[in-house]
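A.B. asks: sequence first, then the predicted structure:
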Amino acid sequence: MISAHLPALQVVIPLLAAPACVVVRQSTLTWLLALLVSWISFAIALTLLVQTFFNGPMSYELGGWAAPLGIEYAVDVVNAFVLVIVSGVSSVVLISAKESIERETHIKRTHLVYTGWLLCLTGLLGITITGDVFNVFVFLEIASLSSYLLVSLGPDRRALTAAFQYLVMGTIGATFILIGVGLLYMMTGTLNMADLAQRIPGVAQTTTVRAGFAFLVLGISLKAAVFPLHYWLPNAYTFAPSAVTAFMAGSATKVSIYLLLRFFFDIFSETFSLRTMRLDLILLILGVIAIFSMSLVAIYQSNVKRMLAYSSVAQVGYMVIGISLATTTGLTAGIVHLFNHALMKCALFLALGCIVFRLNSVDLKDLAGVGRRMPWTMAAFVIGGLSLIGVPATVGFISKWYLVLAALERDWWWLAFMVVASSLLAVIYIWRVVETAYFKTGPVANTEEAPLILLVPTWVLIVANIYFGVSAVDTISFATRAADQLLSTF
Amino acid sequence: MTTIGLFNYWIVFVLMMSGLYIVIVSTNLIKKIIGLNIFQTSVFILYISIGKVSGGTAPILVDGITLYSNPLPHVLILTAIVVGVATTALGLAIVVRIHSAFNSIDEEEIYTTSD
Amino acid sequence: MSVEGALLLTVLLPLLGAILIALSDSRPNIRETITLATAVVLFLIVLQLLGHDTGSIELVIATPLPQLSLSLYTEPLGLLFATVASGLWIITSIYSIGYMRGNNEQNQTRFYVFFAISISATMGVALSANLFTLFVFYEILTLSTYPLVTHKGTEEAKQGGRVYLGLLLSTSIGFLLVAMVWTWHVAGHLDFTVGGILQDKIDPGFLPLLLALYLFGIGKAALMPFHRWLPAAMVAPTPVSALLHAVAVVKAGVFAVLKVTVYIFGLDFLHNTGANKWLMWMAAITVILASVVALTKDNLKARLAYSTVSQLGYIVLGAMLVNSMAIVGGGMHIATHALGKITLFFCAGAIYVATHKTNISEMDGLGRSMPVTYTAMLIGSLSIIGLPLTGGLWSKWYLALGAVAAEQWAMLAVFMVSSLLNVAYLLIIPIRGFFFSQPRSGETSVIKEAPFASVLALSLTALGCIAMFFFAQPLYEMMVDIFER
């Protein structure tokens, strides 16, 4: 029965397709293969989400070895939701990737982009689906190594230094995770998440477990670009090929945030990670600093891609704040923002991809007057930007709504006001672009609208931004289920 | 904890810190990678130390021996070593490309020429 | 047509119009015919809804979150607002044709498209069945009027647009959103309900804060100190200032204030807790201060803008008096001030088209060259001041009665003083026009009335001001209906 093997297929199919890309080498064929595989993954993820939502969590024993000795793939609503986000983002972005990547990458290397892409997809899906902490590390490294590769394939030579910087930081983060896993294994003798959750309370007071926890949190936070561990992100996002940036913005940090959730609430208990270790306070403070400082930094960027990259760090701040509240509403806000932010950032980066395709630049000054020459692209950018600001009838509004609600539930007035005040900073940086694009007259170059194959995916995501903004009942019910499940004991 | 056990962890600590120090301080990209390697090696030693059971022998089934060291961390660290090799390879590959693009592998020189 | 269908059409029709207008780019005649036809059909649909005032019919468009829906319904205050806005859209469309062509403005298609979208958003605000829906359309209104404000694309227009968008978005997201989430949190829903939804749900000690969040959050009501966007918006072409910044946008603000006061807080609840007191004073200060500022402005549109700020203060003040009389007065003032102020703006625009003059000090003696325009301006001023034979009398009458009923004598005095100030800063303009002599008589022969379409429009609205005096009865009954349901 094939449906019983879906959790394994979710990871194995892209993993097998990656080397096939290297063998095929031909640009269009590899693209088609990657596209096909990505959409199959998306379909599997959707099936898994529906199954877990109605039938409860499912467990898959890899190779037939029973947990806790064997590696278990454990799918529940939380990670099924993330699987859908990751594979969905990959599938939509891949549609536009062909034209965009052929423009930005040397033709001899395009097949490497798709190879790296599929490996990265494998890694991200693997991190999400696995129920084994060492397996997390392995998949994390698969995802990381392939994303270093993807970043280094960017058009500018500075992509290389960005990739190197990312490699150094990422390896330190991953090694931290490895140390953390080792220390946990030392005290509990297991690597299975469910087993860990049962055994940790007995040894939670030991320094070893606490040190392990600290290493894990640091390592994962680095991968999630939680302020102030975001140093690698702006360069990586700025210099990677546009399609890769869109993919990474919609998936990589999201998976890391998911991992943080998993460790905080399932493996360690909420009481341990947030109360005993005081992470609620630490995360809250870091989150608040992030949403303000990073938005301010974004305002002063002249490169629009870099501006959005800083905005991403700020947005991670919102998720972190939601997590730090540790209530159902707070977690719902965090999880739903995971999804919503993937939608909006991905749409924005795709729109930038269209602009790069025609202008070969994302410098603010080169965007003068582009609103008239590329009306559809800029309209998409504006709507995506409004979503980022949190204007009603977009997904950004739903996130803001829940975050403010969560703050009010705790009677934290100042937080509610900080959240809305910081989103006003987004108005400034988005509007700098809007004003330049529409009200400055640029060179009368013969720029025309981006080709349809780039525009359609962008607009698919824009429509999704609006659709899930006016009908968020489903996303909210998934997110609430996930939050409830995380808060209940494993 | 026996002295020999603690000794292992001291080594891990020293290696880890020297590795990190090299990564942070040196501007030569190759040296950075070497630092990264030392840093990772410290973790390998950590894992190997974890697996050691006092008085236990190598985990090979032999009659008359009941106490074995735990083989699992050793197996895990094999995976981690493979990952480390892959990272180093990729890192060096990027350095080669950086060298051809910037004509330098010194971080400071690269940043002054790249703008 | 069913009421639900009509409700949906009021929002969709202008959008459809916008699409058709966009498609008819570069064929001005077709474009403007579409605008006019859309406006007329929209008005007829709204009129039909007036006949159907059942109050209980609600149309749910979408449900973004549990207990939070996008829905429309019919309610007297909203119908009044919708009627005024859609009716004046017809006249403004006529006027715009004359104005935009007379001035050879750029990007006219964009202008008409966003104008239609703004009207759609206004209809949404007027007919919204809950606070969330109102908020959604309120924000759409802000965003869709932004390109109209910056229409000229000059540095000044961009600057004005920045202030406009910055203030309106920051108040609505910064305060209104928080207030809404808070209300939702304590009351569980946001439906407009007769008698309010907050009674017994919230600690009365927090009430003044919540009310302040609402009143300042609804930045379109231009309560000081968040009024700066309105003068800034005056860089827009005059038809925009006339319909949007004297009628649709600003009235959306005070309309929201009235709705929140009546249907979210409930008059009795507010009255019993006294949460309204300090905000009443804020409104009073706005009324007086804005009038004083208006006195100092020489630019005609700037003076009119501050006059609007002051008049909006009346309505907010009426809402804060929390009795039915004042609310009736406030509701009526939405209609009468709309007619009066749009007339004045039309006149300002007509003068600009005919003479390219914007400062009052340069307009001496113009009344003799432009008699129709100046007569209309006189009528409009009288109506805003609230003198007999114009509709403005009635709304001010009921507002004053409201102050008496609330036994707020200071507020009554505010109404009186402010009306005197109105005389000083408004009536002086037609007086200078008619009785002062022109600085250089040589130019007299050159100046003629503005294009026919513009003059027709301003005559119509001026007549409307007078008609309102004689036919105020239906308006009053409609407003009273709020409290009889």
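C.D. replies: Yes, it's here.
A.B. asks: for the rest of this, base every contact and every neighbour count on C-alpha atoms.
C.D. replies: OK.
A.B. asks: ok, and the closest non-adjacent residue to residue 78?
C.D. replies: Went with chain A since none was named. residue A:482 (4.8 Å; CA to CA, 6 or more residues apart in numbering or on different chains).
A.B. asks: sorry, should have said chain C
C.D. replies: The nearest residue in space to residue C:78 (CA to CA, 6+ apart) is residue C:126, at 4.4 Å.
A.B. asks: how about residue A:149?
C.D. replies: Going by CA to CA, 6+ apart, residue A:149 has residue A:116 as its nearest residue, at 6.6 Å.
A.B. asks: would you map the helices across chain B?
C.D. replies: B:3-25, B:29-51, B:72-102, B:107-114 (DSSP state H).
A.B. asks: how about those helices, which one is nearest chain C?
C.D. replies: Nearest of the helices of chain B to chain C, taken as CA to the nearest CA: helix B:107-114 at 35.2 Å.
A.B. asks: what's the first helix or strand after the strand or helix carrying residue C:301?
C.D. replies: Residue C:301 is part of helix C:300-320, with elements assigned from DSSP states H and E. Once helix C:300-320 ends, the next helix or strand along the chain (criterion: DSSP H and E) is helix C:324-355.
A.B. asks: and that following helix with helix C:300-320, angle?
C.D. replies: 170 degrees (axes from the mean of the first three to the mean of the last three CA atoms, to 10 degrees).
A.B. asks: list the helices and strands the helix holding residue C:301 packs on?
C.D. replies: helix C:229-232, helix C:249-259, helix C:277-296, helix C:324-355, helix C:392-405 (3 or more CA pairs under 8 Å, 6 or more residues apart in numbering or on different chains; DSSP states H and E).
A.B. asks: quick one: residues contacting the residue of chain C found nearest chain A.
C.D. replies: Closest approach between chain C and chain A, counting by CA to the nearest CA: residue C:64, at 3.8 Å. Residue C:64 makes contact with A:468-473, C:70, according to CA atoms under 8 Å, 6 or more residues apart in numbering or on different chains.
A.B. asks: return the residues of chain C in contact with chain B.
C.D. replies: Within chain C, no position is near chain B by CA under 8 Å from any CA of the partner chain.
A.B. asks: contact residues of chain C facing chain A?
C.D. replies: So far as CA under 8 Å from any CA goes, chain C lies against chain A at C:62-66, C:135-136, C:139, C:153, C:158, C:166, C:169-170, C:173-175, C:177-178, C:181-182, C:185.
A.B. asks: what do you get if the cut-off is 6 Å, keeping everything else the same?
C.D. replies: C:63-65, C:136, C:153, C:174, C:181 (CA under 6 Å from any CA of the partner chain).
A.B. asks: buried residues, stretch C:206-225. List them.
C.D. replies: C:207-208, C:210-224 (16 or more other CA atoms under 10 Å in any protein chain shown).
A.B. asks: report pLDDT for residue C:439.
C.D. replies: Per-residue pLDDT puts residue C:439 at 65.
A.B. asks: and for residue A:125?
C.D. replies: Value for residue A:125, per-residue pLDDT: 92.
A.B. asks: ok, now residue A:68?
C.D. replies: Among the per-residue scores, residue A:68 holds a pLDDT of 69.
A.B. asks: ditto for residue A:45
C.D. replies: 91.
A.B. asks: for residue A:114, same thing?
C.D. replies: pLDDT at residue A:114 comes out at 90.
A.B. asks: packing partners of the host helix or strand of it?
C.D. replies: For residue A:114, the host element (DSSP H and E) is helix A:110-129. The helices and strands touching helix A:110-129, judged by 3 or more CA pairs under 6 Å, 6 or more residues apart in numbering or on different chains; DSSP states H and E, are helix A:6-24, helix A:133-152.
A.B. asks: give me whichever of the ones you listed is most buried.
C.D. replies: When the helices and strands packed on helix A:110-129 are scored by mean count of other CA atoms under 10 Å in any protein chain shown, the highest mean neighbour count falls to helix A:133-152 (a mean of 25).
A.B. asks: any idea how many residues pack against the closest residue to residue C:310 other than its chain neighbours?
C.D. replies: Among residues not flanking residue C:310 along the chain, residue C:287 sits closest, at 4.2 Å (CA to CA, 6+ apart). Around residue C:287 there are 30 other residues, counting by other CA atoms under 10 Å in any protein chain shown.
A.B. asks: next up, the contacts around residue A:97.
C.D. replies: If a contact means CA atoms under 6 Å, 6 or more residues apart in numbering or on different chains, then residue A:97 has residue A:243 as its contacts.
A.B. asks: and it, how far from chain C?
C.D. replies: 31 Å (CA to the nearest CA, to the nearest Å).
A.B. asks: in a helix, that residue, correct?
C.D. replies: Yes. Applying DSSP: H, G, I helix; E, B strand; the rest coil, one finds residue A:97 inside a helix.
A.B. asks: can you tell me how far it is from residue A:31?
C.D. replies: Distance from residue A:97 to residue A:31, counting by CA to CA, to the nearest Å: 8 Å.
A.B. asks: now for the closest residue to residue A:136 other than its chain neighbours, how many residues are close by?
C.D. replies: Distance criterion CA to CA, 6+ apart; nearest residue to residue A:136, sequence neighbours excluded, is residue A:127 at 4.9 Å. For residue A:127, the count of nearby residues is 30 (other CA under 10 Å).
A.B. asks: hmm, residue A:141 and residue A:127 touching each other?
C.D. replies: No. If you go by CA atoms under 6 Å, residue A:127 and residue A:141 don't touch, sitting 9.6 Å apart.
A.B. asks: roughly how far does the residue of chain C closest to chain A sit from chain B?
C.D. replies: 46 Å.
A.B. asks: let's verify that residue: helix, strand, or coil?
C.D. replies: Under three-state DSSP, residue C:64 comes out as strand.
A.B. asks: may I see the buried residues of stretch A:225-245?
C.D. replies: A:225-227, A:229-245.
A.B. asks: now do that stretch, average pLDDT.
C.D. replies: Rounded mean pLDDT across stretch A:225-245 is 88.
A.B. asks: re the thing from before, which one of the helices and strands packed on helix A:110-129 has the lowest average pLDDT?
C.D. replies: Looking at the helices and strands packed on helix A:110-129, the bottom one is helix A:6-24 with a mean of 87.
A.B. asks: where does the closest residue to chain C within the stretch 251-400 of chain A land in three-state SS?
C.D. replies: Per CA to the nearest CA, residue A:392 is where the stretch 251-400 of chain A lies closest to chain C, at 5.3 Å. In three-state terms, and counting by three-state DSSP, residue A:392 is coil.
A.B. asks: for it, give me its contacts.
C.D. replies: residue C:136.
A.B. asks: find me the pLDDT at it, would you?
C.D. replies: Reported pLDDT for residue A:392: 84.
A.B. asks: got phi/psi on it?
C.D. replies: The phi/psi pair for residue A:392 (degrees, to the nearest 10) reads phi -60, psi 160.
A.B. asks: related to what we said a few turns ago, mean pLDDT added to the helices and strands packed on helix C:300-320, as TSV?
C.D. replies: Formatted as TSV, these follow (pLDDT from 0 to 100):
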stretch	mean pLDDT
helix C:229-232	86
helix C:249-259	89
helix C:277-296	88
helix C:324-355	86
helix C:392-405	86
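A.B. asks: of all those helices, which lies closest to residue C:271?
C.D. replies: Among the helices and strands packed on helix C:300-320, helix C:277-296 comes nearest to residue C:271, with 9.1 Å by CA to CA.
A.B. asks: need the residues that contact that closest one.
C.D. replies: With CA under 6 Å, 6+ apart, helix C:277-296 has contacts from C:224, C:303, C:306-307, C:310, C:313, C:317, C:320, C:418, C:425.
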